[in-house]
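Chemist: Whatever this is, show me its structure:
(one chain, ligands or ions: 2)
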Amino acid sequence: MTDVKILRLPNGEGLPLPAYESEHAAGMDLRAAEDAILPPAGRALVATGFAIALPHGFEAQVRPRSGLAAKHGVTVLNAPGTIDADYRGEVKVILINHGADAFAIKRGDRIAQMIVSPVTRVTLAEAASLSDTARGSGGFGSTGRG
Ligand SMILES: O=c1ccn([C@H]2C[C@H](O)[C@@H](COP(=O)(O)OP(=O)(O)OP(=O)(O)O)O2)c(=O)[nH]1
Ligand SMILES: [Mg+2]
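Modeler: Ligands and ions are numbered 1, 2, ... in the order given. Just a heads-up that it's a prediction; the model follows:
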């Protein structure tokens with residue numbers, strides 16, 4: 001386990017901090033720190049009431065909850081949202097309602113999940129050509145064609 005500092009913001013007073021909801025859950029559920037109404041096709045930037053300081057070499061991904069997607073058509077618009085290790089602002093969730101009905105979010109509802117992952121940073125070295133491969137430049141459905 002890696003320790004990550006978390007700061008509860010004033011709007012997060014009284015809310016449970018993000019937590020793993022089962023023994024081996026990959027993600028910690030994020031709760032809304034405010035009420036919001038998502039009309040059909042509507043989106044909202046929803047506050048969570050906390051900020052974190054990830055260690056260098058880590059990111060956090062903000063991903064949808066499948067229950068909200070399957071039952072209501074509500075998902076994370078920019079999934080996976082990226083929380084950078086140098087970000088100290090409030091973690092927010094961009095939700096979109098693909099469902100036919102308006103969707104109401106109440107403060108304290110679990111609206112998304114946050115996965116902390118290692119990231120590799122690289123140095124790009126500009127080159128005159130790239131190595132040959134069997135795939136070459138084929139992509140976008142190029143494999144398996146008669
Ligand atoms: O779902 C998200 C996505 C991003 N962020 C915060 C943390 C992240 O470190 C910062 C910037 O995110 P991103 O790089 O995706 O947005 P940008 O549009 O490129 O903004 P910036 O120019 O600030 O990097 O916004 C969130 O709180 N939730
Ligand atoms: Mg950015």
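
Chemist: mind checking the SS state of residue 68?
Modeler: Under DSSP: H, G, I helix; E, B strand; the rest coil, the three-state class of residue 68 is helix.

Chemist: ok, now how distant is it from residue 60?
Modeler: Taking C-beta to C-beta, to the nearest Å as the measure, residue 68 falls 19 Å from residue 60. In this view, the C-beta of every residue, glycine as well, is placed from N, C-alpha and C.

Chemist: out of the two, which sits in the busier spot?
Modeler: Neighbours per residue (other C-beta atoms under 10 Å) separate residue 68 from residue 60, with residue 60 holding more: 24 against 21.

Chemist: Verify the stated contact: that one with residue 52.
Modeler: Yes: the pair residue 60 and residue 52 qualifies as a contact (C-beta atoms under 8 Å) at a distance of 7.0 Å.

Chemist: shared neighbours of those two, which are they?
Modeler: 83, 91 (C-beta atoms under 8 Å, 6 or more residues apart in numbering).

Chemist: helix or strand for residue 111, which one?
Modeler: For residue 111, the host element (DSSP states H and E) is strand 110-118.

Chemist: Residue 60 now?
Modeler: strand 58-63.

Chemist: Report the angle between that strand and strand 110-118.
Modeler: 150 degrees (axes from the mean of the first three to the mean of the last three C-alpha atoms, to 10 degrees).

Chemist: Tell me the strands beside strand 58-63, with direction?
Modeler: strand 81-83 (antiparallel), strand 110-118 (antiparallel) (DSSP bridges).

Chemist: After the shortest one, which helix or strand is next?
Modeler: Right, strand 81-83. In N-to-C order, the element after strand 81-83 by DSSP H and E is strand 92-97.

Chemist: Sweet, I'm off.
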